[in-house]
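J.: sharing a model that was predicted from the sequence below.
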Amino acid sequence: MTALTYEEAQERARLLDVRGYRVELDVTGGEEEFGSVTMVRFGCRVPGAGSFIELSPARLRRVVLNGREVDPATLTGNRLPLPGLREANELRVEADMPYSRTGAGLHRFTDTADGETYLALHGGLDNAQRVFAAFDQPDLKGPVTAAVTAPGNWTVIGNGLARPAGDGRWELAATPPISTYLVTLVAGPYVSISTEHRGVPFGLHARQSLAAPLRRDAAELLAITRACFDRYREIFAEPYPYDSYDQAFVPELESGAVENPGCVTFRDDFLSPSAVTRAERQIRAIVIAHEMAHMWFGDLVTMRWWNDVWLSESFAEYMGFRVLADATTFTGTWTTFALARKIGGYDADQRASAHPVAPEPQDVPDTDAALASYDGISYAKGASALRQLVAWLGWPVFLAGINDYFARHRFGCATLADLLDCLSRASGADVGEWARPWLRSAGVDTLTVSRPEPPGRVGCISHVGGRPHRVWLGVYDEGPGELILRDRIPVHVPADAAAVVLPAATVRPEPALLLPNDGDFSYCKVRLDPVSQNGLASSLGRLSDPLSRAVAWNGVRDLVRDGEVAPRQYLALAVRHLPGETDDSIAGHVIGYARWTIADRYLPPGQRGAALADLTSLCRDLLGPRPAASKDHSGVEMRLVAARGLIDSASGPDDVSALWSWLAAGRVPGGPDLDSRLRWQILLRLTVLGAASRAEIEHDADQDTTAAGRLSAARCRAALPDSDAKQAAWGAMLSGTLSGYELTATAQGFWHADQADLLSGYVPRYFAALADAAASGAVGLARTWCRHGFPQHAVDAVTVRAAERCLETGALGQGSLRRLLADQIEDLRRAVTVRSAAW
Ligand SMILES: [Zn+2]
């Protein structure tokens, strides 16, 4: 498939305007292909000129342009030439299209639990053309009507309100103008819960085998949906733009969720039959709020070209975290933002591939390069920049600016310049001046606090970087049992200031801890003075605000990453401070980082065993009696975090026998009970350690025929520590027959630090196979394999060199796949450096 370039998109947008699509699909015709008829009405500003429309069919049957037959053989790759256009044109395209198994196009999934089949259009970027003929670029928006012919017991939903028209046919109402990448259709024997809120039909949908968790969670999901809907209604002058709001939990979606106007699609593992923590429920709620924000940011007003992905994602990210905290009982969202999202922004922003939040359009040369824009910079850094912007302008002025932006560009497209104009008008300030360092340049600033040295001189915050920061400095004194917050002092660090002097009251009397960026309002690296470092080492867990603890944990993580603090210090801090932790989000993230990055990648192999032992012993502590005074929202959830941590870190014979006894008893002593997720997690760990056999995997696979169970079994089979099992998993991964989810699960099962010797021969083969897959056009497979199948544990110079040689072959092209591998190599190189440092 040829990627559309920026120049081509610009030229086509100058020439054409889309007046409407009608898309008719017939999905009754078998497992491989579906029928697709597209009718497009469009104008051409230069009569006689030619253009093209995109389509990736299995078979192009018929093309009629302005009443004249066009030879289907003129289709070249994914482009159908449209010569001799008139001022007003009508195009009809009839084709058979292939179903997708890898999450690009109309994805077809058959549920192993009951044999039922489900379809969902997995759109985004240039995937619409895999379903219908499309002018597939974001700034050619048009109204869409659709009709789907489906088996009689199916439900069809999509962007416009869907109504059954008899004989399995469904008609979908016309939408306002929308971009092709946001068109969706969802079809299958879905279970639906329908209601109405403020005159707008709301629907929740899931496959039949997830009916129980859907019904269990429906009240919570709808309460969050209503609360967020009301909040957006209150703050946005522009009313909700579409005729309905469906939320469909669809199988095998590659991303977390997709913001299709009027019909958001979510990964259906958000509906887990197994127990989840409050932190996980909060993440699901954040995603609900995020996708709803997109109805305005991205759907109502759309970026002109993919360089402005941030106009969608940074805003949806910021609004999602903010609105959820403002409108629901999930008030701890910014702690999760710091721990789960912002670190992805910091990591991406410190790699060679870092880019500005809002790059120039030429810097995203085509739709393939655009895929790489969906990263920690466009989401987390952009959202952090907006949080800074609000800290500067104030919420009412910020809202006035964005409401003006909606009013001016509703149902159209916009750029960074359009947004800045609106914000500058609303504030009377030069927001462009602020945007230059924050949105137009890559990288992270560093704020370092220092005390008066020698005493009698001044303390200061020194600043490396070129961005203005409005931050709060936390001043803490030692108190009985906790660090007492003396004050949070607002500090303005101008863009060009090398240092800002602190008021004398900040440092006299001498505080135990000075914490820059307390409250996490800015986006920066923080470095502490030596006294504060000591204070933090002894008292991190005694900071009363979880958000302050999150800032502190991120600060330590950054020091480890930069090779300034020994990785075992992070582990020591976890062992010291987590037993008193009351926030399951913090505990989960810290244990996860210690387990998968510190133990597996940053510590020398000789220290790994001791690290895992420390982690299991920490998790046993967390499973013990909790301090009576703790303010847990629920000790149950902390126990779940601890049980998962213990399972993942189990290594010695005592751990193995403990896990077998949990399986036998069906529960962790004292709780939680083992559900399917925990059972499979235990079986995976036992398999990796060589303590569970293929027979045990097959026994559990027979008991659990759900789609999630199938994936878990595949993960376990790939994890068996024998050469036949590894060879079988390897062959399956390269076969090209696995769905994206199956490939991911198999790859996750394949590599383990515990099996480094057994796997060493596969490391060079991995890079050769990756290059082959990319060169042969299996880009989806290569991408999934690079993201989820990279040999993370093989932290050594030989692997770095093999990876670099793979990059040098050029087989991965110049776009998003190359970037994925380059980023993996950079992280690997960093791990080699950290691991080999002489601590
Ligand atoms: Zn989004």
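T.: Cool, got the structure.

J.: please make it C-alpha for all contacts and neighbour counts, starting now.
T.: Noted.

J.: and the helices in the stretch 251-400 of the chain, which stretches?
T.: Counting by DSSP state H, counting those that start in this stretch, one finds helices in the stretch 251-400 of the chain at the ranges 278-294, 309-327, 333-336, 343-349, 367-371, 376, 382-393, 395-409.

J.: confidence-wise, which of these is weakest overall?
T.: Among the helices of the stretch 251-400 of the chain, helix 367-371 has the lowest mean pLDDT, at a mean of 90.

J.: how about low-confidence regions in the chain?
T.: Per-residue confidence of the chain (counting by pLDDT under 70) places the weak regions at 455-456, 626-634.

J.: what's the single longest helix in it?
T.: With residue count as the measure and DSSP state H as the assignment, the chain has helix 211-235 as its longest helix.

J.: what angle sits between it and helix 278-294?
T.: In this structure, helix 211-235 runs at an angle of 50 degrees to helix 278-294, with axes from the mean of the first three to the mean of the last three Cα atoms, to 10 degrees as the basis.

J.: from the chain's centre, how far out does helix 211-235 sit?
T.: With Cα atoms, centre = their mean, to the nearest Å as the basis, helix 211-235 stands 21 Å off its chain's centre.

J.: mind giving me the packing neighbours of it?
T.: Secondary-structure packing of helix 211-235 (3 or more Cα pairs under 8 Å, 6 or more residues apart in numbering; DSSP states H and E): strand 191-197, strand 200-206, helix 278-294, helix 309-327.

J.: which helix or strand lies directly C-terminal to it?
T.: Proceeding C-terminally, helix 211-235 gives way to strand 245-250 as the next helix or strand, assigned by DSSP states H and E.

J.: how about residues contacting that next one?
T.: Applying Cα atoms under 8 Å, 6 or more residues apart in numbering, the set of residues contacting strand 245-250 from outside is 120, 157, 186, 200-207, 262-268, 270-271.

J.: now the residues you listed: which count as buried?
T.: Neighbour-count burial (16 or more other Cα atoms under 10 Å) applied to these gives 120, 157, 186, 202-207, 262-268, 270-271.

J.: buried ones in stretch 639-653?
T.: Under the neighbour-count criterion of 16+ other Cα under 10 Å, stretch 639-653 has 639-651 buried.

J.: for that stretch, the distance to its chain's centre please.
T.: Offset of stretch 639-653 from its chain centre (Cα atoms, centre = their mean): 25 Å.

J.: go on, stretch 138-145?
T.: The mean C-alpha position of stretch 138-145 is separated from the chain mean by 26 Å, Cα atoms, centre = their mean.

J.: how about that stretch: buried residues?
T.: Buried residues in stretch 138-145, counting neighbours by 16+ other Cα under 10 Å, are found at 138, 139, 140, 141, 142, 143, 144, 145.

J.: the closest residue in space to residue 667 that isn't next to it in sequence: how many residues sit nearby?
T.: The spatial neighbour of residue 667 that comes closest, neighbours along the chain excluded (Cα to Cα, 6 or more residues apart in numbering), is residue 673 at 4.0 Å. Look at residue 673: counted by other Cα atoms under 10 Å, it has 17 neighbours.

J.: against residue 378, how distant is residue 673?
T.: With distances defined as Cα to Cα, to the nearest Å, the gap from residue 673 to residue 378 amounts to 40 Å.

J.: for residue 20, give its distance to residue 177.
T.: Counting by Cα to Cα, the separation of residue 20 from residue 177 is 8 Å.

J.: what angle sits between the helix or strand harbouring residue 491 and helix 382-393?
T.: If you go by DSSP H and E, residue 491 is part of strand 483-493. Relative orientation of strand 483-493 with respect to helix 382-393: 80 degrees, computed using the same axes, to 10 degrees.

J.: which strands and helices lie in contact with strand 483-493?
T.: In terms of contacts (3+ Cα pairs under 8 Å, 6+ apart), strand 483-493 is packed against strand 469-478, strand 499-501.

J.: angle of it against strand 469-478?
T.: Relative orientation of strand 483-493 and strand 469-478, computed by the same axes, to 10 degrees: 160 degrees.

J.: buried ones in strand 483-493?
T.: Judged by neighbour count (16+ other Cα under 10 Å), strand 483-493 contains these buried residues: 483, 484, 485, 488, 489, 491, 493.

J.: likewise for stretch 386-401?
T.: Neighbour-count burial for stretch 386-401 flags 386-393, 397-401 (criterion: 16+ other Cα under 10 Å).

J.: how far does it sit from the chain's center?
T.: Between the centre of stretch 386-401 and the centre of its chain there are 25 Å (Cα atoms, centre = their mean).

J.: residues in contact with it?
T.: For stretch 386-401, with Cα under 8 Å, 6+ apart as the criterion, the contacting residues are 235-236, 314-315, 318, 419, 422-427, 469-470, 521-522.

J.: give me the number of residues near residue 796?
T.: 16.

J.: tell me the contacts of it?
T.: By Cα under 8 Å, 6+ apart, the contact list for residue 796 reads residue 832.

J.: and what of residue 718?
T.: 725, 726, 728, 729, 746, 747, 749, 750.

J.: same thing with residue 315?
T.: Going by Cα under 8 Å, 6+ apart, residue 315 touches 293, 297, 382, 383, 386.

J.: from what I can see the second one touches residue 314, true?
T.: No - counting by Cα atoms under 8 Å, residue 297 does not reach residue 314; the two are 9.3 Å apart.

J.: now residue 118. Its backbone dihedrals?
T.: Dihedral angles phi and psi of residue 118 (degrees, to the nearest 10) take the values phi -130, psi 140.

J.: that older thread, secondary structure added to the buried residues of stretch 138-145, as JSON lines?
T.: Supplementary listing: the buried residues of stretch 138-145 in JSON lines, determined by DSSP: H, G, I helix; E, B strand; the rest coil:
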{"residue": "138", "secondary structure": "coil"}
{"residue": "139", "secondary structure": "coil"}
{"residue": "140", "secondary structure": "coil"}
{"residue": "141", "secondary structure": "coil"}
{"residue": "142", "secondary structure": "strand"}
{"residue": "143", "secondary structure": "coil"}
{"residue": "144", "secondary structure": "strand"}
{"residue": "145", "secondary structure": "strand"}
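
J.: just those residues now: which is nearest residue 540?
T.: Proximity of the buried residues of stretch 138-145 to residue 540 was ranked by Cα to Cα; the top entry is residue 138 with 46.8 Å.

J.: give me the nearest residue to the closest one, chain neighbours excluded.
T.: Nearest residue to residue 138 in three dimensions, chain neighbours excluded: residue 179, at 5.2 Å (Cα to Cα, 6+ apart).

J.: correct me if wrong: the one you found contacts residue 137.
T.: Yes - at 7.3 Å, residue 179 and residue 137 qualify as touching, with contact defined as Cα under 8 Å.

J.: of these two, which one has the most company?
T.: In this comparison of residue 179 against residue 137, neighbours counted by other Cα under 10 Å, the higher total goes to residue 179 at 30 against 26.

J.: quick one: the more buried one from residue 308, how far?
T.: Distance of residue 179 to residue 308, computed by Cα to Cα: 14 Å.

J.: then residue 512?
T.: Taking Cα to Cα as the measure, residue 512 falls 44 Å from residue 308.

J.: more crowded one of these two?
T.: Residue environment comparison for residue 512 versus residue 308 gives the larger neighbour count to residue 308, 25 against 21, counting by other Cα under 10 Å.

J.: so for the more buried one, what's the nearest residue that isn't a sequence neighbour?
T.: Excluding the flanking residues, the one nearest residue 308 by Cα to Cα, 6+ apart is residue 358, at 5.8 Å.

J.: ok so, going back, of the buried residues of stretch 386-401, which is the nearest to residue 581?
T.: Among these, residue 387 lies closest to residue 581 (Cα to Cα), at 26.9 Å.

J.: just the helices in the stretch 501-650 of the chain please.
T.: Counting by DSSP H, counting those that start in this stretch, the stretch 501-650 of the chain forms helices over residues 504-507, 530-539, 546-561, 567-577, 584-593, 605-623, 635-649, given from the N-terminal end onward.

J.: I am finished for the moment; much appreciated.
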